[in-house]
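J.: got a predicted structure here, sequence first:
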Amino acid sequence: MNPVRRQRLARTAPEIRARTFDRVTDRPSQIENLLSPKEQDRLREIATVLEYRRGGLTIFSEGEDAHFVYAIDEGVVRISRHAENGQRQILAFMVSGDLFGIPDGGSYVNTAETVSAVRLYRFPWHQLCRIRLDEPQLQLNMLIRVAYDLRQAQRQIMILGQQSTNQRLAFLLLDFLRLPEFYDERDGRLRLPINRFDLADYLGIARETAVRAIAKLERDGLVKRIDAETIQILDIGGLRALQLGKRRRTAAAAE
């Protein structure tokens, strides 16, 4: 093992808890809900449960040898890559049910880090490949998952390349609204699990621009900031119209 890698693991080890999967004590997970009972049994045989106690911990780094694939049960993981000039671009935020870490040529092409406390299932890649040969449906499920991730990446490229800063921000907020672990429909409050640095690096803008963009949505009556992590969603239709580049239909105009 690379000495730098060994030192990093030693520093973060107290923050990580690893154990084998025990169906007797574990509750049904998001991952299990996506698989047949037979597929679940096969994956339990090779799964290790990893519990990261806080955000800011590295799961793997781009360029490292890839030996494992990961699936999220709880928490948020950011997937990022660094340009040659050192600038970070966040490619995706992974949440419950998401699969990540599929290798490319035996290496990880991106970096994966925890945004919050995270509970993961870790599968050895070579063992998973053998199971896929025996379980065609599992192979199909993984293919569907990879195709979905590709569509999401293409969608983000289009949005970052063609839309304004405010449109990009509306897109991100709407994306989180579909996740009940972050958005409470009853009171209209969205708990953003990311800070302004992650927000800026995902949208491809400066930190100050991200702050100004949120302030602009607030002035337009689309959202209201409750605290550093919570946003009141005041007008979902207005956010959708903004994201699509349409003129917002106000109450006065409707009359």
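T.: The structure has been received and is ready for your questions.

J.: only C-alpha atoms from now on, for both contacts and neighbour counts.
T.: Fine.

J.: where along the stretch 51-200 of the chain do the strands fall?
T.: For the stretch 51-200 of the chain, the strands defined by DSSP state E, counting those that start in this stretch occupy 58-60, 68-74, 77-82, 88-94, 99-100, 111-114, 118-124, 183-184, 189-191.

J.: poorly predicted segments of the stretch 101-250 of the chain, please.
T.: Applying pLDDT under 70 to the stretch 101-250 of the chain picks out residues 145, 148-149, 152-153, 155-156, 158-162, 247-250.

J.: repeat the analysis, applying 90 as the threshold.
T.: In the predicted model, the stretch 101-250 of the chain carries pLDDT under 90 at residues 102-105, 127-165, 167-168, 171-172, 175, 178-181, 193-196, 202-207, 228-229, 243-250.

J.: now the end-to-end length of stretch 79-93.
T.: With CA to CA, to the nearest Å as the measure, stretch 79-93 spans 6 Å from end to end.

J.: and stretch 183-195, end to end?
T.: Stretch 183-195 end-to-end distance (CA to CA) = 16 Å.

J.: and the helices in the stretch 1-150 of the chain?
T.: Assigned by DSSP state H, counting those that start in this stretch, the stretch 1-150 of the chain shows helices spanning 3-12, 30-33, 37-44, 125-134, 136-162.

J.: give the contact list for G106.
T.: 65-67 (CA atoms under 8 Å, 6 or more residues apart in numbering).

J.: of the strands of the stretch 51-200 of the chain, which is nearest M142?
T.: Taking CA to CA, strand 99-100 is the member of the strands of the stretch 51-200 of the chain nearest to M142, at 8.5 Å.

J.: how far does that closest one sit from the chain's center?
T.: Distance of strand 99-100 from its chain centroid, counting by CA atoms, centre = their mean, to the nearest Å, is 9 Å.

J.: ok, now stretch 213-231?
T.: 22 Å.

J.: identify each buried residue in that stretch, please.
T.: Using 16 or more other CA atoms under 10 Å as the burial criterion, the residues of stretch 213-231 that qualify are 213-214, 217-218, 222-225, 230-231.

J.: columns secondary structure and distance to I194 on top of those, output as CSV?
T.: Formatted as CSV, the buried residues of stretch 213-231 follow (DSSP: H, G, I helix; E, B strand; the rest coil; distance: CA to CA, whole Å):
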residue, secondary structure, distance to I194
A213, helix, 15
I214, helix, 14
L217, helix, 18
E218, helix, 18
L222, coil, 19
V223, strand, 17
K224, strand, 17
R225, strand, 14
T230, strand, 10
I231, strand, 12
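
J.: and those residues, which is closest to L239?
T.: Nearest member of the buried residues of stretch 213-231 to L239, counting by CA to CA, is L222, at 6.6 Å.
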